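1. The following comprises the amino acid sequence and a computationally predicted model.
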Amino acid sequence: MKCPNCGYEIPEGALLCENCGGEIKMVPEFEPEIEDTYRETIKNITDEITDNDFSSTEADAKSPEAVRPKKDYFRFIIAGGIFLIILIPIITLLYRRNFSAEYQISRGMEYEEEGDYNKAIGWYNKALILEPENADVMARLAQVYFEENNKTEYEYLLREIIDCPSATDEQVESAYGKLIAVYRARDDYKGINELLLSSGSQSIIAQYQGYIATEPEFSVNEGYYTSIQPLKISAYGDGDIYYTMDGTDPNTDSTKYTSPILLENGDYVIKAYFVNVNGITSNIVTKEYHISIDELEPPKVDPLSGAFTSPTKISVIDTLEEAGEGESNIYYTTDGSIPTESSMRYTAPINMPLGESEFKFIVIEYGLKSPVETREYSLKLDAKVSVSEAENNVITYMLALGKIRDMSGAADDNGNFLNYAFQFVTTIGDEGSYYVVAELLRDSEGKSTRTGSMYAVNTETGEMWKYILAEDDEILSEMDAIPAPTPEPPVENDDD
């Protein structure tokens, strides 16, 4: 088929000339059976009129008195009626042929089944002229182009289906799947990534997660900060994030992101991109930061220094933890020395010790240290039971239980001892104040370790309970009752 404008040879069914860009008029293609019927009908009518004319001529010669105009009038009416009766179905068929999309589709399907793809393409294109947004026709035509190995038209129609407002979700998902197969066949994973990101459909993205590489997300907005910023970088899907901090574009030889980047004093230009498991790469994301820090803020300690008469807990928090930007890195001492990273680390509220005490707290973050915060406390209880009495109550109980052999805590013949030492005083719910005594195992070499068992002795009554700390909650658990020990008879003194 040649272009009527420039004469360039164009493929069957094309709507535009690839050479000059001119529009190709779709001239109706007469079907042989329709054309034969039409010709035969015209011939029969012509023959009948001719025969009638000849008969009339002979009759007129024999009977000059006959009225010829009257006969001609009826003859033409009959011939015209016959002509219309035959012509109307032909016109109807031609109308359906050129103005019914359903007819075009049915003809296209017939030729497609026969394997005559060129004619199928022509009929499907005619249907699309009548119904430009028929996604079903687009899909059928795309399949024919696929059978013809015309990848350009095949891909074009799949994209048309994706953008077609009347296409169903199933048709759109199918078109995406076929397009991804086309891109995958030519190893165009970047094209797949761009296609999925432009879809705007989370369901489709979830189906093809392995082919997508989203831009990395930064946990800290770029800008000016007066404190250390732990920067986290994340990306959707399986793969790795690579980044640089010198302003250069990252690649797979750059630093792989594995943990938060600590932004301390200075200026930073951080570039990062994501590479998924299939090697698909995201766009590079660039963030700039300016960090200016004089020193860390000191920890906040509650309560303030002072004298106390009831069990009290000491709570400490640093500014980063308070802002929800990480765990606390607070260290403390009770011997008057300056705390370091080797000192005790604060992890939970501390029970204030009995008597006089001094605490020093410091925050150590990423090599920087805060000023030291000092607290001095004096805790004196007005209790009926002393600390030593509480310890003796526990020892007496263990002796009656048979866990130890004597008041010294001897436990066996191997030189092991169980000792019971006061740890702290605490208030448990509405139950009152309690001394907490821990059980320690001391071996034959003098090394002591906690057994994990702890006991609570009421500071007013001396009543004893099992002490349990479960999920930061202090719990009292009743222990087995033990018969009161039988008093020993008095020892006589020989000197009396």
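-> Arrived safely. Residues are numbered from 1 along each chain as shown.
2. Skip the chain neighbours and tell me the closest residue to Gly306.
-> Tyr377 (6.8 Å; C-beta to C-beta, 6 or more residues apart in numbering). Glycine gets a C-beta too; all of them are placed from N, C-alpha and C.
3. what's across from that neighbour in the sheet?
-> Applying DSSP bridges to Tyr377 yields these beta-bridge partners: Gly306, Ser357.
4. thought it was touching Asn351?
-> No. The pair Tyr377 and Asn351 fails to qualify as a contact (C-beta atoms under 8 Å) at a distance of 11.0 Å.
5. Give the residues shared as contacts by the two.
-> Common neighbours of Tyr377 and Asn351, counting by C-beta atoms under 8 Å, 6 or more residues apart in numbering, are 312, 314.
6. in the stretch 101-250 of the chain, which spans are strands?
-> For the stretch 101-250 of the chain, the strands defined by DSSP state E, counting those that start in this stretch cover 217-218, 223-225, 229-231, 233-234, 239-244.
7. Output those strands as CSV; include the columns mean neighbour count and distance to Met479.
-> Compiled in CSV, the strands of the stretch 101-250 of the chain are given as follows (neighbours: other C-beta atoms under 10 Å; distance: least, C-beta to C-beta, whole Å):
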stretch, mean neighbour count, distance to Met479
strand 217-218, 16, 55
strand 223-225, 11, 55
strand 229-231, 19, 47
strand 233-234, 16, 51
strand 239-244, 20, 56
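8. among those strands, which is nearest Tyr103?
-> strand 239-244 (51.9 Å; C-beta to C-beta).
9. Adjacent strands (with direction) for the closest one?
-> For strand 239-244, pairing defined by DSSP bridges yields strand 255-256 (antiparallel), strand 266-276 (antiparallel).
10. winner for burial among those strands?
-> Of the strands paired with strand 239-244, the one with the most neighbours on average (mean count of other C-beta atoms under 10 Å) is strand 266-276, at a mean of 19.
11. tell me the mean pLDDT over the very next helix or strand once past that one?
-> Next helix or strand after strand 266-276 toward the C-terminus (DSSP states H and E): strand 285-291. For strand 285-291, mean pLDDT rounds to 94.
12. neighbouring strands for strand 285-291, and are they parallel or not?
-> strand 223-225 (parallel), strand 266-276 (antiparallel).
13. Any chance of a markdown table for those strands, columns mean pLDDT and distance to Ile364?
-> Converted to a markdown table, the strands paired with strand 285-291 look like this (pLDDT from 0 to 100; distance: least, C-beta to C-beta, whole Å):
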| stretch | mean pLDDT | distance to Ile364 |
| --- | --- | --- |
| strand 223-225 | 91 | 19 |
| strand 266-276 | 93 | 20 |
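14. Out of the ones you listed, which gets nearest to Tyr183?
-> strand 266-276 (14.8 Å).
15. Can you pull out the residues in contact with the closest one?
-> 210-216, 218, 231, 233, 235, 237-250, 252, 257, 261, 281-291.
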